[in-house]
Structure formats: C-alpha cells, structure tokens
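> Predicted model and sequence below, questions to follow.
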Protein chains: 2
Amino acid sequence: MRTSHESLHDFVREAMCRAGARPEDADQVARVLVAADLNGVDSHGVARLRRYVEGIRKGTIAADATPTVVSDFPAGAVVDAGNGLGQPAMLHALDLAVRKAQDTAIAMVTVRRSNHFGIAGHYAAQGARQGMLTIVTTNASPQVAPTHGAEPMFGTNPLAFALPTHPSRPYLYDAATSAVPRGKLERLEREERPMLPGWAVDPQGRTETDIPSLVKGLKAREGYALLPLGGAGEDHGGHKGYGLGLLADLLCGPLAGASWGRHVYGPDGAGLGHMVICARVGAFVDLDSFRAETAAMFDELRNAKKAEGQDRIFIPGEKEYERADERRAHGIPLRPPVVADLGDIAGSLGMPPLESIGGLK
Amino acid sequence: MRTSHESLHDFVREAMCRAGARPEDADQVARVLVAADLNGVDSHGVARLRRYVEGIRKGTIAADATPTVVSDFPAGAVVDAGNGLGQPAMLHALDLAVRKAQDTAIAMVTVRRSNHFGIAGHYAAQGARQGMLTIVTTNASPQVAPTHGAEPMFGTNPLAFALPTHPSRPYLYDAATSAVPRGKLERLEREERPMLPGWAVDPQGRTETDIPSLVKGLKAREGYALLPLGGAGEDHGGHKGYGLGLLADLLCGPLAGASWGRHVYGPDGAGLGHMVICARVGAFVDLDSFRAETAAMFDELRNAKKAEGQDRIFIPGEKEYERADERRAHGIPLRPPVVADLGDIAGSLGMPPLESIGGLK
C-alpha cells in the first residue's frame, strides 16, 4: 500500500494535535517523521507515531512543554526541552545555532531533558540549506556494547553531518555509530534475509546471527547487544565505532546535562540530550567557490575506477534524495502492520483513518 | 634500542633548527613528533623527521613561513600556513580557537597551504587540557578508495576528538577514517604477522592480503587502496567510514580552501588543510559536574560485562596514556632502521648523532 507524503503529513499532524501537541509542534513532528519515510528510513518514520502518542498519554512526554534557553553565549546556548517533544526542541536549537553562526561564524547548542527527535539528518540538512556546515547528534536507548564488552551500555547514537555543497541537496551523512541500526535487522527479518556475523553479540559476547532472538533480546534488555561500527574487537576498527558512539553519548549526556548510557529511557522518561553545531561556510571560504570545488570533487569520485561488479560510486545523501524523489512521485509504501497501527491510533484519537483523507492506494 | 624522550626531543629540535626552522617552530615539531612516539604511533613520530628535513631542503616546505590570519570573525578564522611546517600552523590555529571560545563558547579555525602536522590527537588533547571539547582533522595523501571504488581518491584523514573529562588525561579519540592506517600494515610486516581481508583492495578492487605488494603499490600509487572503516561495500558499514573520510576531506579541502582528494601532495607541494573546533565545556555545563558525570560513566563502562576471553574495556585515550607512561619511564624503543636514518640525518646536517647526546641504550 502506498500513501502520498502530503496525506501522511496531514494524518500525523492531526494525530499529534489530538494527542495534545500544539499545532505548530504537531506540524514539525509530522515533517520530521514523513521526511524519514521519504528517505527510506522507515524505522524512524510514522512507524514511531504510536510511541509519541502513547508517551504523551502516559505523561513521559510533556506535549505542552516549551523549550527554554537556560544558558546563553555569543556562540553557544543550552536549551531545556522540559521533557517535551524532541522535534520542536531540536528545531529551536537549530534555529538558535543558525542565527548565532550568521554573526559569529560558528555556534553550538545543546538540548537536555528531551525526547526522540526522529532522524538527525533532517536537521543537519536543514542547517546546510541555510549555508551552514551542520553537525547533529543525539543519544538513544542503550543497545550497543563497548569494544570487548558483552552488554548494551549506550545507544546507536547517530552522527549527522551536512555541508552546503548544493543549495537544496547538501552533502548529507547520517548514520548510527553501530555497525547496523536495529531498524535494519527488522527489515532483513521481514524480507527473510540473513544478518551477518559481526553485527551483534549474545549475552556471552559471542557473535549472534539469529535475528528473532536478537531483536527480542534487545527489546527485553536481556543482554544482547549491537556492535559498534567496525564490529567485534579491534581488528576491523570496532574500537573506532565504539569511540564515536561514546563521543556522541558524552556530547549529548554529560556535556548537554542530560541522561547517558544505560540511564537513558529510565523510569522518569527518556531524558535524552541532543547537540547541534552550525558553522557558516561563507565565513571561511566563498560559498560559490566551495560549491564549484565540491562539485568537481564529487565528479572525480563518481568517475573513479569501480570495484568488480560495481557500477556506481555514491556521494553521501544521494541515495536518500533519489529515494525521496521516487516516493514523492509514487507515494510512500506502508507495510500492512504500520497501516493497521495507524488505523488503531486514528480510532483511539477519534479521528478519520488515513484512507479517508486520501492517499492510500 | 631505547632513547629517553628528552634526548629525542633535543635531537629533533636541533635537526629542525639546522634544517632551517626557527627555534620555536623546531621545538613545536619536536614536541609533536615525540608525542607520537610516546603514544606508540611510531609511524607519525621521529620516523617522519627525514621527510620534514628533505621537504625544507627541496623547497616543498617553507621553513621560514609565518602562519597568517587571512579572515577573522568573533568565533572563526582562516589561517594561511604559507606552505610552512604543519605543527606551528596548527598550534597557531588551536590557540586562536581556544582564545575565541573562551569568550564566545565555541570557535572554528581552518588552515590552508599547510604540511604534515603529525598526530591530530596531540592538538585535540592540548585543547581539552584547556577545558575545551576539541575536534581536529586534516586531509592527507590519497590512499583510500570510496565505497564501491577501486582506486585511492582521498587520504586516511584522521578525526580526533578530545573532551576535558580529566585535567591532564582527557577522553581522546584519534583515528584514521580508514579501516587501518598504512603504519599498521608496516608494523605487521615487520612483526611477520598477517593482514586481514577487508582492509585493502588491489587495482581491480579485490581484497588484498599481501602486505609487501600493498605497501609497494600504495607508495608507487599503482592503484592499490586502503578501504574505509567498515571495510568493502556496505555490509559492515564501509559507506560510513567512506562518508567520514570524505567529510574530513571536505572540511580540510574545499572548506579550508586547501587541496583535496588526489590533488593533495601534488607537484606544487602538500597543500594540506586542517580544521579545529574548540568549545568551552564550562559554557554548557559546570566543568566539575561534567567531570564527575564522565568519571561515573567511564566506571560503568569499565565494569560492564566482558566478552569471552576479554578482561578489560578501555576508554579512548587510556592505552596511549599508559604506553606514554611506560615509555617516559623506560625510554622510547627505536627500530634499527630508524636509528640509522636519524644517524644519517645528523650526518647530513653536521650535528652530533642521537647517541652522543645521551639516551640510546
């Protein structure tokens, strides 16, 4: 089943409003979730809506919270999200960072007491479209083992970087610091494809390749853990992925004044932290020259000799832009359980289902 | 053979002075090279001295260049290294970034027209010792293939991050964005240990595991290439390592106004670029609380359940600090070819050999 991205946006917006979010916040949540579905990051799209609606219902997300600046410097600020939705808090932080960096060249804003904010790349790209090198990270629920460890001690903590190499389609890197994110495992399971050794470990720290045991073990916090980018041990650089994941946790936890490690998503709520750095590229180099240079760079990369059996070298972001083009034109595919879930949410909120506002084909 | 770090420092300083560097610049070069040897990154220590001395002799390094600020903002600056030594240029940039960030909370400085600066982590740690989250990167000679590619298109471009988790021993991440750096291959070859599949490719893009062919092919630019962190293809996240390596090249090349990709170390010299970001942790959170939180975080990590056969989980930087302690106490081991090379350099500069200024045991 496919749905137009506009209908999906309207549906999410309406659901969030009915759940108790302010209209402008609901709109922001809808934009970020639908962006994930457009880019093909289905695990971070509308499949997450239930958790937001339930978080508000249960009181772990304060739908009426207003992000407030608790500390302010010429090129830095700290935002307290007041335990509200992650999207408005992060967009507030991004806006602040962009405005400050216009004057100072670079700015950094941290966010504390926040919730899930969707895909980090959405914010990074939005900063880049305003001429900024933008770095965004967040911490997340503990699922990853440190190198030589056998239990989850921190999240898949994504790092996103975007650069204004193009006015609307910036260089966009957005990736979990684990070898694979959990969403990929769930997709492989649905597609009945195997996972590979080196992605995750069982409670004894031995490589785990049975997806159902792993996903169940991760959800139940039974000691199963994903491995950092680079895999087990240090032979293939697992200590590097570990160092990057821990870096994100340091920035978004202790540095942002938020929860960290195993304490994220504790009994008092998520307590997530985020961080954004924006640097105005035009302060360091002429933006047009920068774009001309990077276009030449990307052309050289695309034209580089290919490995056997490969016919294309991608620039980070390209795959996502192409997938979004396809989905904007032909609709976003939704799996039956997601459609059923959205129907359920609509029912519980007393609103018309996605089908009735058009789009589902 | 072992040498005291003080003697090694004096030797490098003297050699650089005689080669034409100003005494203060020679001192900085000595400090950074010896720091690499202390930390165990032998490939970036005094083994590099010959290239510096020869670069000055051949005119590809301008020993008398003075780094100049060509663009200045409250929280940003651009430094032109004037094709001089990388160490004084980078230290100038770091100082600027630290001073600006004291006032503004964060600052970013780029460096263009520079040369090899040693280990990125040295600068990151130095920033962290001044209370700063410090990010340092540089580009480097082309040795790494992009994902799905079969020829070297950019360098092993390191990313270094340090955080003032401790007054003198900060959290320190400093790693090539390739699966392994070339220095590791050379070490394995000396130790007659094998390299692993997934680290590098031959000119057809097939996995290469013969170290002599690879090292020779890399040096001769014959199409052999190292692979990004995460290895070949996308199964283990090779596209992530590729995206990070390319990010470093974007920051240090087009953004810094320096050379990039295959054009680094061209006929006109290195043309390297560097970048440093410093953010004052005390602007975002109380520094003492930050240290208390991160100490608790690191303790939890150290005490996490270990994988089978493992008895210790490291915090990034710990291994290097412990190795430096050992080498400070017992001397830095130098391999016979390095000792011979240093003897040669001393002879060509008409200065006493390392042996005669004490230290070699």
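Perfect, thanks for sending it.
> what's in contact with stretch A:192-208?
For stretch A:192-208, contacts defined as C-beta atoms under 8 Å, 6 or more residues apart in numbering or on different chains pick out A:145, A:149-151, A:179-180, A:185, A:188, A:209, A:211, A:213-214, A:217, A:222-227, A:231-232, A:236, B:235-236, B:305-308, B:310. From N, CA and C alone the C-beta is placed, and that goes for glycine too.
> what do you get for stretch A:15-35?
By C-beta under 8 Å, 6+ apart, the residues outside stretch A:15-35 that reach it are A:5, A:8-14, A:44-46, A:48-49, A:52-53, A:56-57, A:63-64, A:84-85, A:87-88, A:91, A:117-119, A:122, A:324, A:332, A:345-346, A:349-351.
> Take those and keep only those in helices.
Using DSSP state H, the members of the contacts of stretch A:15-35 that fall in helices are A:5, A:8-14, A:49, A:52-53, A:56-57, A:87-88, A:91, A:122, A:324, A:345-346, A:349.
> one step back: which of the contacts of stretch A:192-208 are buried, as a PyMOL select command?
Applied in PyMOL, the following selects the buried portion of the contacts of stretch A:192-208 according to 16 or more other C-beta atoms under 10 Å in any protein chain shown:
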select buried, (chain A and resi 145+149+150+151+179+180+185+188+211+214+217+223+224+225+226+227+231+232+236) or (chain B and resi 235+236+305+306+307)
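> Where do the domain boundaries of chain A fall?
A:1-63+A:331-361, A:65-175+A:236-285, A:180-226 (automatic domain parsing).
> how about the ones you listed, which one is nearest B:Pro74?
Closest approach to B:Pro74 among these (C-beta to C-beta): domain A:65-175+A:236-285, 4.4 Å.
> Let's test this: mean pLDDT of that closest one, rounded?
For domain A:65-175+A:236-285, the mean pLDDT works out to 97.
> Does stretch A:238-256 reach chain B?
Yes: using C-beta under 8 Å from any C-beta of the partner chain, stretch A:238-256 reaches chain B at A:239-244, A:246-247, A:249-251, A:253-256.
> Of those, grab the buried ones for PyMOL.
To isolate the buried members of the residues of stretch A:238-256 next to chain B in PyMOL, using 16+ other C-beta under 10 Å:
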select buried, chain A and resi 239+240+241+242+243+244+246+247+249+250+251+253+254+255+256
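> Among the residues of stretch A:238-256 next to chain B, which are located in helices?
Counting by DSSP H, the residues of stretch A:238-256 next to chain B place A:His239, A:Lys240, A:Gly241, A:Tyr242, A:Gly243, A:Leu244, A:Leu246, A:Leu247, A:Asp249, A:Leu250, A:Leu251 in helices.
> Tell me if I'm right that the third one and A:Leu226 touch.
So the one you mean is A:Gly241. No: in this structure, A:Gly241 is not within contact of A:Leu226 by C-beta atoms under 8 Å, at 10.0 Å.
> and for those two, which residues touch both?
By C-beta under 8 Å, 6+ apart, A:Gly241 and A:Leu226 have these common neighbours: A:Ser178, A:Ala179.
> wait, A:Asn83 sits on A:Leu272?
No: with contact defined as C-beta under 8 Å, A:Asn83 does not reach A:Leu272; the gap is 9.7 Å.
> Between those two, tell me which one has more neighbours.
Neighbour count, other C-beta atoms under 10 Å in any protein chain shown: between A:Asn83 and A:Leu272, A:Leu272 has more, with 30 against 22.
> before we move on, the earlier item: B:Glu293 is nearest to which of the domains of chain A?
domain A:65-175+A:236-285 (3.9 Å).
> ends of that closest one, how far apart?
End-to-end distance of domain A:65-175+A:236-285 (C-alpha to C-alpha, to the nearest Å): 39 Å.
> And stretch A:128-146, by the same measure?
32 Å.
> between A:Asn83 and A:Leu272, what contacts are shared?
Common neighbours of A:Asn83 and A:Leu272 (C-beta under 8 Å, 6+ apart) are A:Ser114, A:Asn115.
> Report the distance from stretch A:192-199 to the chain centre.
Centroid displacement of stretch A:192-199 relative to its chain, using C-alpha atoms, centre = their mean, to the nearest Å, is 22 Å.
> no no, stretch A:271-290
Its chain's C-alpha centre and that of stretch A:271-290 lie 18 Å apart, by C-alpha atoms, centre = their mean.
> Please apply the same query to stretch A:348-357.
27 Å.
> re earlier: filter the contacts of stretch A:15-35 down to the buried ones and express that as a PyMOL selection.
Those of the contacts of stretch A:15-35 that count as buried under 16+ other C-beta under 10 Å are selected in PyMOL with:
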select buried, chain A and resi 5+8+9+10+11+12+13+14+44+45+46+48+49+52+53+56+63+84+85+87+88+91+117+118+119+122+324+332+345+346+349+351
